[in-house]
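Peer 1: This is a predicted model, with the sequence first.
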Amino acid sequence: MKIKYIIIEVKSLKKIIILFMIVSLLIGALSFKFTEAKGNDISSTVTGNTYGQDNNLLSSFVKVTNSANVSSQDVNSFIFKAQNVIMEEKKEQSPQISTFSQSLVTNKEAYDYFYIDGENKNLYFYEDSPSTSPIAKIVNLDTKIANDFISKQTSNNIYMQNLAAVSTISGGIGARAFVSTGNLLEARIHTDGNVGVLESNKGTTYTYVGFTGNTEADAGLQYSPKSQNGVQAWKPYMKVGENYPWGNDTMLSGYDAVQYNNGFIPGEDVQVSFWKKYFHDNVSTARVKLQGMAKCANSTCSNATPTKLAVIMEKNGSGIAEITNYKILATIADIKDPQTHAVITKASGSLNTSVSNITVDGISRVPTQSAKSSNSSMSISSNSVSFNIR
């Protein structure tokens, strides 16, 4: 008799399990249909989070501006790349990061990713902001540069080719220090916060790092003055190579087309990491990462809340195997005609800044003085250098 009851109980238990599975499947199906219906009400170009989506569908979840008219496949591939880069950066936010980074706004960081394609033709931009849906913009650099030349007849070029061979700064005023070689240069830039002085400078004001060798590269910050339709902020800057158009700050020209109003707050610290050769997706690039407190939470400043901003810029296929030195500079550059290189505005003014916590591949390095203009000075203490440009 007991055996019979046990058999009945087992059969009843099986029925309950089967019923539970059926109910679960029905609930799942209904949930899927609800989600699908809700998704159909959302704009076909915007969503809040696209991580993990099918690579071929990404552009339908991001607000895309494709003025370069690249293919949908290229747009989707870039969005997939950008989101992977940003995800990698978010994973790196661990207890091992510097006290400076930890002191910034936690979990409210905006990420901007810039990428120049292998043909040196288009600039791709992706932004992940805590306040708005993700956006992607693709601009044609050649067209943008040509329009800039025609409309402005000026360029924020700093002509400092072959600086290693001279003891003075050419193309403007400033000072330069050298640091021994490696793959990754890291430092903390304390930006000049004297906006009144920065606004009155003649020329283009920079604080940046880079490397010298057969290929020159600059990466860091350029001041964007309000007096020249700027935003009174330090904007990210990168230049790789000396040959036209890459010796003419085209990264910045394209950057202006997509970044608009945001930038790092004057007087704040900005952490810079510069790889001469960074590998990902089986491609070698020169990459710079800048982190600091920005004026706004997004590129258009529609949300003017000061927000931690991480900017990553890289150019496809630009990784450099060998360099002569890393360099650290503070300069005010002449503004020159992009066609004739004739000086339009002679550099003048002042800049006070410092670059500290200088390391190469994680090891502290003491910089050495390399060059300076006659009225400028720099002082070195341990792995830090201060600049007083006049």
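Peer 2: Everything's here; your move. Numbering: from 1, shown residues only.

Peer 1: What segments of the stretch 151-300 of the chain are helices?
Peer 2: 195-200, 250-259 (DSSP state H, counting those that start in this stretch).

Peer 1: Check those helices for me: which has the lowest mean pLDDT.
Peer 2: Ranked by mean pLDDT, these end with helix 250-259 at the bottom, a mean of 55.

Peer 1: what's around Gly196, how many residues?
Peer 2: Residues contacting Gly196 under the criterion other C-beta atoms under 10 Å number 6. For every residue, glycine as well, the C-beta is placed using N, CA and C.

Peer 1: Begin at 578 from now on, thanks
Peer 2: Happy to do that; since the first residue is 578 now, the last one works out to Gly773.

Peer 1: Which residues are in contact with it?
Peer 2: Gly773 sits next to no residue when contact means C-beta atoms under 8 Å, 6 or more residues apart in numbering.

Peer 1: That one and Gln809: what is the separation?
Peer 2: According to C-beta to C-beta, to the nearest Å, Gly773 stands 10 Å off from Gln809.

Peer 1: quick one: Phe655 is in a strand?
Peer 2: No. Read with DSSP: H, G, I helix; E, B strand; the rest coil, Phe655 is helix and lies in no strand.

Peer 1: State the number of residues packed around it.
Peer 2: Neighbour count for Phe655, taken as other C-beta under 10 Å: 23.

Peer 1: repeat for Thr945
Peer 2: With other C-beta under 10 Å as criterion, Thr945 counts 12.

Peer 1: Next up, the contacts around it.
Peer 2: 754-756, 957.

Peer 1: Just the pLDDT at it, thanks.
Peer 2: Reported pLDDT for Thr945: 96.

Peer 1: try the one 10 residues further on
Peer 2: Looking at Met955, its pLDDT reads 96.

Peer 1: List the residues that contact it.
Peer 2: Per C-beta under 8 Å, 6+ apart, neighbours of Met955: 752, 754, 907, 946, 949, 962-965.

Peer 1: ok, so of those residues, who is nearest Tyr703?
Peer 2: Ala907 (30.3 Å; C-beta to C-beta).

Peer 1: Direction included, what does the strand or helix carrying that closest one pair against?
Peer 2: Taking DSSP states H and E as the criterion, Ala907 maps to strand 902-910. Sheet pairing for strand 902-910, assigned by DSSP bridges, gives strand 749-756 (antiparallel), strand 781-789 (antiparallel).

Peer 1: mind checking which of the ones you listed is nearest Ala924?
Peer 2: That would be strand 749-756 among the strands paired with strand 902-910, by C-beta to C-beta, at 3.9 Å.

Peer 1: Buried residues, the closest one. List them.
Peer 2: 749-756 (16 or more other C-beta atoms under 10 Å).

Peer 1: so can I have JSON lines of the residues you listed showing pLDDT and distance to Lys714?
Peer 2: Output for the buried residues of strand 749-756, formatted as JSON lines (pLDDT from 0 to 100; distance: C-beta to C-beta, whole Å):
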{"residue": "Gly749", "pLDDT": "92", "distance to Lys714": "31"}
{"residue": "Ile750", "pLDDT": "95", "distance to Lys714": "35"}
{"residue": "Gly751", "pLDDT": "96", "distance to Lys714": "32"}
{"residue": "Ala752", "pLDDT": "96", "distance to Lys714": "36"}
{"residue": "Arg753", "pLDDT": "95", "distance to Lys714": "34"}
{"residue": "Ala754", "pLDDT": "97", "distance to Lys714": "36"}
{"residue": "Phe755", "pLDDT": "96", "distance to Lys714": "36"}
{"residue": "Val756", "pLDDT": "97", "distance to Lys714": "34"}
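
Peer 1: What residues of the helix or strand encompassing Thr930 count as buried?
Peer 2: Assigned by DSSP H and E, Thr930 falls within strand 928-937. Of all the residues in strand 928-937, those buried under the rule 16+ other C-beta under 10 Å are 928-932, 934-937.

Peer 1: out of these, who's nearest Pro707?
Peer 2: Of these, the one sitting nearest to Pro707 (C-beta to C-beta) turns out to be Asn934, at 26.9 Å.

Peer 1: Can you tell me how far the closest one is from Lys640?
Peer 2: 37 Å.

Peer 1: Kindly report the same for Ser958.
Peer 2: Distance from Ser958 to Lys640, by C-beta to C-beta: 47 Å.

Peer 1: The two: which has the busier surroundings?
Peer 2: Lys640 (16 against 11).

Peer 1: Check what pLDDT the more buried one gets.
Peer 2: 91.

Peer 1: That one reaches Asp705, doesn't it?
Peer 2: No. Between Lys640 and Asp705 there is no contact, the gap being 12.0 Å when judged by C-beta atoms under 8 Å.

Peer 1: Show me whatever sits in contact with both of those two.
Peer 2: Joint contacts of Lys640 and Asp705 (C-beta under 8 Å, 6+ apart) are Pro711.

Peer 1: Neighbours of the residue nearest to Ser933 when sequence neighbours are not counted, how many?
Peer 2: Leaving aside its chain neighbours, Ser933 sits nearest to Ser961 (3.9 Å; criterion: C-beta to C-beta, 6 or more residues apart in numbering). For Ser961, the count of nearby residues is 19 (other C-beta under 10 Å).

Peer 1: One more: Ser941?
Peer 2: With other C-beta under 10 Å as criterion, Ser941 counts 11.

Peer 1: Who is it paired with across the strands?
Peer 2: Where Ser941 sits in a bridge, its partners, by DSSP bridges, are Thr936.

Peer 1: residues contacting it?
Peer 2: Per C-beta under 8 Å, 6+ apart, neighbours of Ser941: 935, 959-960.
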